[in-house]
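Asks: the following comprises the amino acid sequence and a computationally predicted model.
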Amino acid sequence: MTFYPNDRMALFIDGANLHATAKNLGFDIDFKRLLDEFRKRGLLIRAYYYTTIVDDQDYSSIRPLVDWLDYNGFTLVTKAAREFTDRDGRKRFRGDMDVEMAVDMMQIAPRADHMVLFSGDGDFRALIEAVQRQGVRVTVVSTLKTQPAMASDDLRRAADSFVDLADLADLIGRAPRDRLPKFLQETPEDAPLGRLDG
């Protein structure tokens, strides 16, 4: 991946997509390390993190992560998940942050040289092309090393560069908490750094 130290850079993280990709690759994201790594690669002007939250639950497993990110250098963009009942009668939740990501990318494009999109969703192809027409380079971070691949072929073709998340595992990841020996597991106050459940 090509990064230039004087480039104004912005990160756009599709939280649900990144979580699913890392989980399929067998590691958790350490968001402190992720932020530190990309600060080394350019002038980081903004790191956006997008996720939906279930509002009516007493405890949401994603809440500690969202709170930690909000206090530690990320710009949080959240909205309430919509509840629906699946065909088996089970209560489920869904939420889509594509429009919010698109609006933010278009708004920041005049002030950025390079955008890094953490998502493999092919729906972002037209957005990438629109941002590139404004002179911004776009790197997509996802993976081809799962079955099926998490990265859309259309998205990879549109991007200026593609980085496989598996290749970043040593830089921004850590073993899932349940695979670590008990004495190495983080304490509750440390847990938000790398867990993303939901």
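Replies: Structure received.
Asks: so what's the residue lying closest to Ile45 once chain neighbours are set aside bridging to?
Replies: Spatial nearest neighbour of Ile45, excluding adjacent residues (C-beta to C-beta, 6 or more residues apart in numbering): Arg8 at 5.1 Å. (Each C-beta comes from the backbone N, C-alpha and C, glycine too.) Taking DSSP bridges as the rule, Arg8 bridges to Leu43.
Asks: let's have the chain start at 32 instead
Replies: That works, and once the first residue is 32, the last one we named lands at Arg39.
Asks: for Arg39, give me the pLDDT.
Replies: Looking at Arg39, its pLDDT reads 98.
Asks: what's it in contact with, if anything?
Replies: Arg39 is in contact with Gly73, Leu74, Ile76, Arg142, Ala143, Asp144, His145, counting by C-beta atoms under 8 Å, 6 or more residues apart in numbering.
Asks: can we see that at 7 Å?
Replies: Leu74, Ile76, Arg142, Ala143, Asp144 (C-beta atoms under 7 Å, 6 or more residues apart in numbering).
Asks: so which of these belong to strands?
Replies: Filtering these for membership in strands, criterion DSSP state E, returns Leu74, Ile76.
Asks: by neighbours, which of the contacts of Arg39 wins?
Replies: Most neighbours among the contacts of Arg39, by other C-beta atoms under 10 Å: Ala143, with 22 neighbours.
Asks: any idea how far that residue lies from Leu186?
Replies: According to C-beta to C-beta, to the nearest Å, Ala143 and Leu186 sit 19 Å apart.
Asks: over to Leu196?
Replies: Counting by C-beta to C-beta, the gap from Leu196 to Leu186 is 13 Å.
Asks: between the two, point out the one with more neighbours.
Replies: More crowded of Leu196 and Leu186, by other C-beta under 10 Å: Leu196, with 25 against 22.
Asks: for the more buried one, which non-adjacent residue is spatially closest?
Replies: Per C-beta to C-beta, 6+ apart, closest to Leu196 is Thr174, 4.7 Å.
Asks: my guess is the one you found contacts Met181, does it?
Replies: Yes: counting by C-beta atoms under 7 Å, Met181 is a contact partner of Thr174 at 4.9 Å.
Asks: what is in contact with these two at once?
Replies: With C-beta under 7 Å, 6+ apart, Thr174 and Met181 have common neighbours Thr52.
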